[in-house]
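Colleague: quick one, what's the 3D model for this:
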Amino acid sequence: RCGVSRWTFIHSSKQMSFTTLPASAAELREPEPHELEAKDFPALKNSTIIDAAKLQPVSHVPVWVMRQAGRYLPEYLAIGEGYEFFDKCRNTALASAITLQPLVRFPLDAAIIFSDILVVLQALGMECVMVKGKGPVFPHPIATCEDVDALNPDVDVHKELNYVFRALTVTRHRLQGHVPLIGFAGAPWTLFAYAIEGSGSKTFSKAKAWLYKHPALSHRLLGMIADTTIRYLVAQVKAGAQLLQVFDSWAGSLSPRLFRDFAAPYLIRIASGVKAALGSDAVPMVCFAKGAHWAMHLLESSDYDVFSLDWTMDPEDARETMKGRVAFQGNMDPCAMYGDDDSIRQEVCRVMSEYGTVGHIANLGHGMSPDMEPRSVATFVDAVHNFSTSTSEYVIGTRGSVLALWQAHYVRDNLIKHDPTKRYRIKVVNTVGDKDTTTALDKFSTTGVFTDALEKALVNKEVDCVVHSLKDVPSTINPSTSLAAISERHDVRDCVVLHRRHTHKDIVSLKDLPESFVIGTSSARRRAFLQKQHPNLVFKDVRGNVKTRLRKLDEDENGYDALVLACAGLDRLNMSARISFRISTTEMPHAIGQAALGVQVRVDDEGGDFASLLKEAIHNNTVGVVCTSERAFLRTLGGGCSLPIAISSDLDTESMNLALEGYISTKDGSTCISQKVEGNVTTEKDAEALGQKLSKLLLSHGGQEVLDGLREDRH
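Modeller: Model prediction:
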């Protein structure tokens, strides 16, 4: 859709077939002689993950799960009973069977060899034991230069780590080409941290202290680990690994400077060293620098093909940094796996909507935990496959302000709840009002200050719908578009936000505002109604998004004593604490459509699946009736949000009797005309008619003269 090729699959979902391995594949049995030979491997049947890593078109987004073979599986606990952890790794038949267990349960797109990142430190000469309840422990951590000297930098990895290579070769044969086999290693900084700390750590203070106290010795140890890892990974590929991942689990513990000096160079060295050694036999390589979102640019020119993102990383930021050069893996929060099936499906939809279908490998942002349920992996994998083979992808247009993005995410989240099999992408469109943040709203030549550009993007099919604050939507919209949904309504009132120098004073309502108080607002409606009741107040334009206006209030040099803002915007942004007091609608009636959202679509799509989905997921029938009446009132007047026009509405939801009071005021509030109507509104036609009736009544009772005067002022 929308002409964006990276969101297009090369096959339809009807062609997809996701299969598991037979149970016999994961049986514990000794290798056959031919299974120990790293040659004549069965042809690969599913290369999706390799194609994705190479940025090639794929039939579906491939998926695997870090720690997919592990303690959350009852069969893992059963098959490994009585074995110490590292004994499992060293037992070829056992390591192979454990690797294949999740492929029997789930239709995953890759297997990852059962092993551990710490085997490289063991090969270098360090003792490591797995302590129940604590994890890996090094009884004799590195503490001196002599400890580094005692390590074996020239270790023969083929001898010391042969058990890993045997497991890879046997597993590659037993996969029968079902999916590719991933090999892996730990990154130098992460292994360095384990070697110095002696175990995992919350602060890594010992390891980081070494970087400051012994920088040259630290580089020596890091280089030793890196060079050993290069030889280790090259041997993994020759043994049968078809893709490699480097885990830098503790990358996020380093400052940007320390990562640049002590982590990034060795990550880069590993990728370039492995690729150089393998030449034309090189396989795709994945870098997972957990927690180091700020370090992406340091690795931009490295030889890694894929960057794995943890759940704290923003895929959009990563794409901007890497400029389309690499694929991405991840990045659903692992804790989402504790949710029920519906919540997992919804989270898959949210995460995968951030990516395209080319260059994405679905995964968690880290590994499975022992207390998670196998059911969650089944749901996750199924949701990824169902989602990624869906042909429907919808683009939601929005402004780029924090509040506008909240509104777009509100719409997207509700769409996901109703149908998590579709792809929903948010696209930011800059409007006239966003580009010009100084001109008062009533000075613009258009009533669509915040909507014209969005509407244009919709008509031009750059987006499939646009989300607005309904009060910003002109009463007459492009005839090729329509409002498909109007959301629930939040607090319709306006509020006063006082400058901090006044918050200690007893100002709890409009009548408490001192004379000559400087009020910041660019709303003609708010100014007129305030000036009518409090003629001694001073008004000063203030433009910008909510946070910009609050910043302008807080800066003393701008001279504001208070702002008048919409309650709904502050409530939605969880900034209600900034509200000094809320203004009743009897003192200040609200704008047309205030506190509701409007979702606009093309008329051609009005009867389509997406418009229907928007109706189901977003539209609130009672709010829709009220706002339809309000907008008919405004449209018949021929006004817009830049004029001092207001309304109060009260719907009895049992009888569907709607009471409306409409207002039109001069700019200074000296003349304000109001009229009331009420009637039964069971249909949209009823609502339109009631709004029109109110407008005509208002115009015939002095409103026309006020409106003519306002139009003269504008020209």
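
Colleague: please tell me the pLDDT value assigned to residue 252.
Modeller: Model confidence at residue 252, given as pLDDT, is 94.

Colleague: next: the one 4 residues further on.
Modeller: At residue 256, the predicted lDDT confidence score is 94.

Colleague: so how far is residue 285 from the closest residue to it other than its chain neighbours?
Modeller: Leaving aside its chain neighbours, residue 256 sits nearest to residue 294 (5.4 Å; criterion: Cβ to Cβ, 6 or more residues apart in numbering). Backbone N, C-alpha and C define where each C-beta goes, glycine included. Separation of residue 294 from residue 285 (Cβ to Cβ, to the nearest Å): 21 Å.

Colleague: so the two - more neighbours on which side?
Modeller: residue 285 (21 against 15; other Cβ atoms under 10 Å).

Colleague: contacting residues for the more buried one?
Modeller: 243, 244, 245, 246, 271, 274, 275, 303, 304, 305, 306 (Cβ atoms under 8 Å, 6 or more residues apart in numbering).

Colleague: which of the three states applies to the fourth one?
Modeller: Secondary structure of residue 246, reduced to three states by DSSP: H, G, I helix; E, B strand; the rest coil: strand.

Colleague: remind me which residues of the stretch 351-500 of the chain are low pLDDT?
Modeller: The model of the stretch 351-500 of the chain has pLDDT under 70 over residues 390-391, 432-450.

Colleague: and the helices in it?
Modeller: 374-388, 402-418, 432-435, 452-459 (DSSP state H, counting those that start in this stretch).

Colleague: how about the ones you listed, which one is nearest residue 658?
Modeller: Among these, helix 402-418 comes nearest to residue 658, with 25.3 Å by Cβ to Cβ.

Colleague: which residues outside the closest one are in contact with it?
Modeller: 346, 349-350, 353, 394, 396, 398-399, 422, 424, 426, 428, 465, 467-469, 487, 545-547, 569, 572-573, 597, 599, 613-614, 616-618.

Colleague: also stretch 187-195?
Modeller: 117-118, 120-121, 126, 136, 138, 141-142, 186, 200-201, 204, 207, 210, 218, 221-223, 225-226, 229, 246-251, 253-254, 259, 262-263, 266-267, 270, 289.

Colleague: that older thread, most neighbours among the contacts of residue 285, which one is it?
Modeller: Going by other Cβ under 10 Å, residue 304 tops the contacts of residue 285 with 29 neighbours.

Colleague: now it: how far from residue 268?
Modeller: From residue 304 to residue 268 the distance is 9 Å (Cβ to Cβ).

Colleague: need the three-state assignment for residue 38.
Modeller: Per three-state DSSP, residue 38 ends up coil.

Colleague: quick check: the gap between it and residue 509.
Modeller: From residue 38 to residue 509 the distance is 81 Å (Cβ to Cβ).

Colleague: look at those two and report which has more neighbours.
Modeller: Here residue 38 and residue 509 are compared on neighbour count by other Cβ under 10 Å; more neighbours surround residue 38, at 18 against 14.

Colleague: thought that one was touching residue 240?
Modeller: Yes: the pair residue 38 / residue 240 is scored as a contact, 5.7 Å apart, by Cβ atoms under 8 Å.

Colleague: quick check: neighbours shared by the two?
Modeller: 169, 172.

Colleague: all helices for the stretch 51-200 of the chain, in order.
Modeller: Using DSSP H, counting those that start in this stretch, helices in the stretch 51-200 of the chain cover 74-79, 85-90, 92-105, 119-124, 145-149, 157-160, 162-175, 188-197.

Colleague: list of residues touching the fourth one?
Modeller: Okay, so that is helix 119-124. Counting by Cβ under 8 Å, 6+ apart, 86, 89, 128, 138, 151-153, 155, 157, 160-161, 164, 185-186, 191, 194-195, 224-225, 228-229, 232 sit against helix 119-124.

Colleague: centre of the chain to that helix, how far?
Modeller: 38 Å (Cα atoms, centre = their mean, to the nearest Å).

Colleague: and if you look at the last one?
Modeller: Here helix 188-197 shows a centroid-to-chain-centroid distance of 31 Å under the convention Cα atoms, centre = their mean.

Colleague: quick one: buried residues of the next helix or strand after that helix?
Modeller: Next in sequence after helix 188-197, counting helices and strands by DSSP states H and E, comes helix 205-213. Neighbour-count burial for helix 205-213, with 16 or more other Cβ atoms under 10 Å as criterion, is recorded at 207, 208, 210, 211.

Colleague: CA atoms only for helix 205-213, dumped as CSV, please.
Modeller: Below are the C-alpha coordinates for helix 205-213, written out as CSV (Å, rounded to 0.1, in the frame of the first residue of the first chain):
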residue,chain,number,x,y,z
SER,A,205,32.6,-1.5,39.1
LYS,A,206,35.6,-3.9,39.1
ALA,A,207,35.7,-4.4,35.4
LYS,A,208,35.2,-0.7,34.6
ALA,A,209,37.8,0.2,37.2
TRP,A,210,40.3,-1.8,35.2
LEU,A,211,39.5,0.3,32.1
TYR,A,212,40.5,3.4,34.1
LYS,A,213,43.4,2.0,36.1
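
Colleague: could you check the angle helix 188-197 makes with that helix?
Modeller: 110 degrees (axes from the mean of the first three to the mean of the last three Cα atoms, to 10 degrees).

Colleague: can you list the neighbours in contact with helix 205-213?
Modeller: Contacts for helix 205-213 (Cβ under 8 Å, 6+ apart): 141, 192-193, 196-197, 201, 217-218, 253-254, 258, 261-262.

Colleague: give me the buried subset of those.
Modeller: 141, 192, 193, 196, 197, 201, 217, 218, 253, 254, 262.

Colleague: understood, closing this out.
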